[in-house]
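1. With the sequence up front, the predicted model follows.
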Amino acid sequence: MFEGYGIMRNLGLAAAVMFLAACPAMGAEDSPATIFGPLFAAVQTQHIFADGKTFADAVAKRDPAAILADCRRDRPKGAALKAFVLANFTVRGENDRDDVRAHVRALWPQLTRPPLAATPGGSALALARPYVVPGGRFQEIYYWDSYFTMLGLKADGQQPLVEDMIDDFTDLIERYGHIPNGTRTYYLSRSQPPYYALMLDLSANRDPAVAARRLKALRTEYAYWMHGRGCVAQTGACERVVRMPDGSLLNRYYDDKDTPRDESYAEDVAVAAQVPNRPAAAVYRDLRAGAESGWDFSSRWLRDGRSLATIHTTDIVPVDLNSLIWTMERRIATRCEQAHDDVCARDFTTLAARRKGAIDTYLWQAAQARYADWDLSRSAPTPVLSAATLQPLFAGLASPAQADAVARTTQRQLLATGGLRTTTLRTGQQWDEPNGWAPLQWIAIEGLARTGHDTLARDIARRWIDTVTTAYADTGKMLEKYNVEQRTPGGGGEYPVQDGFGWTNGVTSAILERWPAIRSERP
């Protein structure tokens, strides 16, 4: 045994660190501890890797004697020691953190699931084609997540899987009349932000029969969101449709049930118990509607902007939802025109124009340079500034002046060190500051780029990629949400931060496909 290693074994940790600075050359032996002596001992006793087996299984990238000679010369300590090891050894689960795009590509097979048959006694809904799940606790397909996942699949050459997922969503509409929140029986009473029209834009399929089937499905989904217009005149708000003061129709989030959510039963019962002056069913409906929004939960839905006990989602007319339904109307009009259905094209062009007028009248707040949600109970815009203000830019319905104003507001109030803030309020809810979410980054990036604000769009993209890659280097994981103030894993909400993660992977690949060198850019 090499004499220096025997000394190391007897000296203890403090002496080991001091001895490492000398890094005397080692003779070649079978055991890594023997080959690398004090270097090995220092790495292990300083817990450079959480699992001692990690470095024991590492493979030297070059001649051990040369590594030890450099060690002797450089005398690395602390963080520099870990960097030295990663530069000179192939370390399982560590070295690939330098290439987040490669990591995402390796994750797609892990998140892909084969066709699924429903099992008696289980809650999963059948799916005929392969699909991608978000990851972590989310082991079923989710509606709006999937659009952002599909952006990455397309960028990473997974077009057949994009087509499979579109077919799955088309089938869900044909079976249930809408796309549920997720593919579980307990999600059937609600949907999520309607991105199916935009998913169709990602398809490479030009078969006229397929196009006709998808257009029919798109119109069916639109009918689902507008089903309440038959009773809205009597009540002012019916199902997912609301009647504005001038008689125009906009939409809200809703749920067909008013009971505790199956997946969050105890939590919902506890919230309702805090509100003895409201019927529990009304509280449950608002919690469920918040879940349909995808922003579960956020100050956007809270009457006092702080406490979940004040949730009143069904009173809110959201700007992002109405921008998406405007997109749906426009896409239906275009697809009907392509199918030579002039009546349909004319009708939906008119519907889209009316919706844009209502959005400009009620949701655009020129004095505040932002789009806002509308509170039906107060007949006024809500005070919450959120990243949803960028959805009209993403949709293409903002005028140049509106887009310029939103860009200024974004720059001043929503831009953080590590990307775009979700809101400017700290509530402990996950869809509030300091958290940032991949879909909102992409909506902002695309919306700003489409309206001529390329510098700000690219700046948000760079900040976000820095956050994702920094957290990845620290954790080895792609996460559901991030703290964009600290560039660390996000927090808050009803469950721990999840890894996987479908939409983060998708947006990361989409950004790096557009701007491959963005990681090397600096402000």
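-> Thanks, I have the structure now. Quantities reported herein were computed from a predicted structural model and do not represent experimental measurements.
2. from here on, contacts and neighbour counts on C-alpha atoms
-> Noted.
3. what residue ranges in the protein score low on pLDDT?
-> 1-30, 93-98, 522-523 (pLDDT under 70).
4. Sticking with the nearest residue to residue 349 once chain neighbours are set aside, tell me its helix or strand.
-> Once flanking residues are discounted, residue 349 sits nearest to residue 333: 5.7 Å by CA to CA, 6 or more residues apart in numbering. Using DSSP states H and E, residue 333 maps to helix 319-338.
5. Extract the CA atoms of that helix and return them as PDB.
-> C-alpha atoms of helix 319-338 as PDB (Å, rounded to 0.1, in the frame of the first residue of the first chain):
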ATOM      1  CA  VAL A 319     -57.700  37.100 -19.400                       C
ATOM      2  CA  ASP A 320     -55.700  34.000 -20.200                       C
ATOM      3  CA  LEU A 321     -58.700  31.800 -20.600                       C
ATOM      4  CA  ASN A 322     -60.500  34.300 -22.900                       C
ATOM      5  CA  SER A 323     -57.400  34.800 -25.000                       C
ATOM      6  CA  LEU A 324     -57.200  31.000 -25.500                       C
ATOM      7  CA  ILE A 325     -60.900  30.800 -26.500                       C
ATOM      8  CA  TRP A 326     -60.300  33.700 -28.900                       C
ATOM      9  CA  THR A 327     -57.500  31.600 -30.400                       C
ATOM     10  CA  MET A 328     -59.900  28.600 -30.600                       C
ATOM     11  CA  GLU A 329     -62.500  30.700 -32.500                       C
ATOM     12  CA  ARG A 330     -59.800  32.000 -34.900                       C
ATOM     13  CA  ARG A 331     -58.400  28.500 -35.500                       C
ATOM     14  CA  ILE A 332     -61.900  27.100 -36.100                       C
ATOM     15  CA  ALA A 333     -62.600  29.900 -38.600                       C
ATOM     16  CA  THR A 334     -59.400  29.200 -40.500                       C
ATOM     17  CA  ARG A 335     -59.900  25.500 -40.600                       C
ATOM     18  CA  CYS A 336     -63.500  25.900 -41.700                       C
ATOM     19  CA  GLU A 337     -62.300  28.200 -44.500                       C
ATOM     20  CA  GLN A 338     -59.800  25.500 -45.500                       C
END
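6. What number of residues are in the vicinity of the residue nearest to residue 349?
-> 25 (other CA atoms under 10 Å).
7. ok, now residue 118?
-> So residue 118, with other CA under 10 Å, has 12 neighbours.
8. Same check on residue 361?
-> By other CA under 10 Å, 12 other residues sit near residue 361.
9. Hmm, residue 220 is touching residue 171, no?
-> No. The pair residue 220 / residue 171 is not scored as a contact, 11.6 Å apart, by CA atoms under 8 Å.
10. neighbour-wise, which of the two wins?
-> Neighbour count, other CA under 10 Å: between residue 220 and residue 171, residue 171 has more, with 21 against 17.
11. Need the contact partners of the helix or strand hosting that one.
-> Under the criterion of DSSP H and E, residue 171 resides in helix 159-176. Residues outside helix 159-176 that contact it (CA atoms under 8 Å, 6 or more residues apart in numbering) are 127-132, 150, 153-154, 178-180, 188, 196, 199-200, 202-205, 214, 217, 220-221.
12. which of those residues are buried?
-> 127, 129-132, 150, 153-154, 178-180, 188, 196, 199-200, 202-203, 214, 217, 220-221 (16 or more other CA atoms under 10 Å).
13. residue ranges of the strands in the stretch 201-350 of the chain, please?
-> Secondary structure of the stretch 201-350 of the chain, counting by DSSP state E, counting those that start in this stretch: strands at 237-238, 241-243, 249-251, 316-317.
14. Compare those strands and give me the one nearest residue 71.
-> strand 316-317 (62.2 Å; CA to CA).
15. Could you list which of the buried ones among the contacts of helix 159-176 belong to helices?
-> 150, 153, 154, 196, 199, 200, 214, 217, 220, 221 (DSSP state H).
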